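here you go, sequence then predicted model.
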Amino acid sequence: MIHTYSGKTIRFEIKYKNRTSIGITIDSYGNIEVQAPKGTPDGRVLYLIEEKWDLIQRKLKEMKDRLQGPQKKVYEPGENFLYLGNTYPIKIIEDVNSAKDHVMFEGERLHISVKQLDDEKIKQALKRFYYQQCKAIVAKGIASYQCHFKTKPRSIQISDSQTTWGTCNSKLQLTFNWRLAMAPQEVIDYVIVHEMCHMVHLNHDRSFWRLVGKIIPDYIEKENWLASSNWKMTV
């Protein structure tokens with residue numbers, strides 16, 4: 001079915017099933033499916049589509065952006081960056097007297113102060129900010145979840161890995177990706193617990209996942225967030 005509303009047109013499929021409510025799903029390729037109780041009038045379906053129109057459009061844009069892969073950032077005022085799961089615009093301040101380029105989170109913006117308006121300097125200032133934030137957040141998280149473990153990590157490092165969110169080796173050395181500072185707190189907590197569980201079980205056997213699930217029951221939801229959002233966790 002095709003429907004036009006607010007100047008935009010979408011195509012969706014309706015499936016009538018033995019259910020009591022109408023549900024809308026959008027897959028990873030932007031295909032829209034509406035599941036409705038048998039006998040539901042088309043008008044009722046269209047009413048719900050229009051009611052959820054803004055949300056549907058946001059989801060479709062997100063799917064399109066995701067399929068295009070990581071987008072090159074523009075280091076100009078107003079460009080958005082993720083921080084703890086939320087998106088914030090940046091404000092760039094040129095301060096030739098500043099001792100060091102730095103970033104501060106203030107209100108609803110990320111304030112970037114640099115001695116020179118240069119894209120690479122702005123990018124590096126942002127990376128340092130995320131490194132510092134990730135280190136502090138991870139340290140606090142490990143202290144919070146330590147009560148679940150008899151063993152303590154011997155060291156904690158922040159890395160620039162392109163393939164992993166965290167690691168734990170046989171020496172109980174934990175490493176975390178600085179990009180985690182862009183994820184929601186509960187997702188960061190999951191990664192922290194995941195790696196701490198490797199202090200007990202170095203592999204991913206059933207015992208490992210039982211321990212993870214005992215501490216973070218909805219860990220699959222956190223994994224799904226990382227899988228669907230990693231493309232936009234970039235500077």
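Alright, I've got the coordinates.

so where is this structure shaky, pLDDT-wise?
Residue ranges of the chain with pLDDT under 70: 28, 66-71.

tell me which stretches of it form helices.
For the chain, applying DSSP state H gives helices covering 42-51, 53-68, 119-145, 185-197, 206-215, 219-229.

compute the inter-axis angle for the last one and helix 185-197.
To tie it back to what came earlier, the one meant is helix 219-229. Angle of helix 219-229 versus helix 185-197, following axes from the mean of the first three to the mean of the last three Cα atoms, to 10 degrees, is 110 degrees.

then the third one?
Angle between the axes of helix 119-145 and helix 185-197 is 70 degrees (criterion: the same axes, to 10 degrees).

any idea how far residue 130 is from residue 137?
Going from residue 130 to residue 137 by Cβ to Cβ, to the nearest Å gives 10 Å. Where you see a C-beta, it was placed from the backbone N, CA and C, and this is true even at glycine.

that older thread, nearest to residue 75 among the helices of the chain would be which one?
Residue 75 sits nearest to helix 119-145 of all the helices of the chain, at 4.2 Å, using Cβ to Cβ.

burial count for residue 90?
20 (other Cβ atoms under 10 Å).

pretty sure it contacts residue 74?
No. The pair residue 90 / residue 74 is not scored as a contact, 9.9 Å apart, by Cβ atoms under 8 Å.

partners of the residue nearest to residue 135 when sequence neighbours are not counted in the sheet?
What sits nearest to residue 135 in space, not counting adjacent residues and going by Cβ to Cβ, 6 or more residues apart in numbering, is residue 158, at 5.0 Å. Note on residue 158: beta-bridge partners by DSSP bridges are residue 176.

for the residue nearest to residue 16 when sequence neighbours are not counted, what are its contacts?
Leaving aside its sequence neighbours, residue 16 sits nearest to residue 38 (Cβ to Cβ, 6+ apart; 4.6 Å). Applying Cβ atoms under 8 Å, 6 or more residues apart in numbering to residue 38 gives the contacts 16-18.

winner for burial among the helices of the chain?
Mean neighbour count, computed with mean count of other Cβ atoms under 10 Å, is highest for helix 185-197 among the helices of the chain, reaching a mean of 22.
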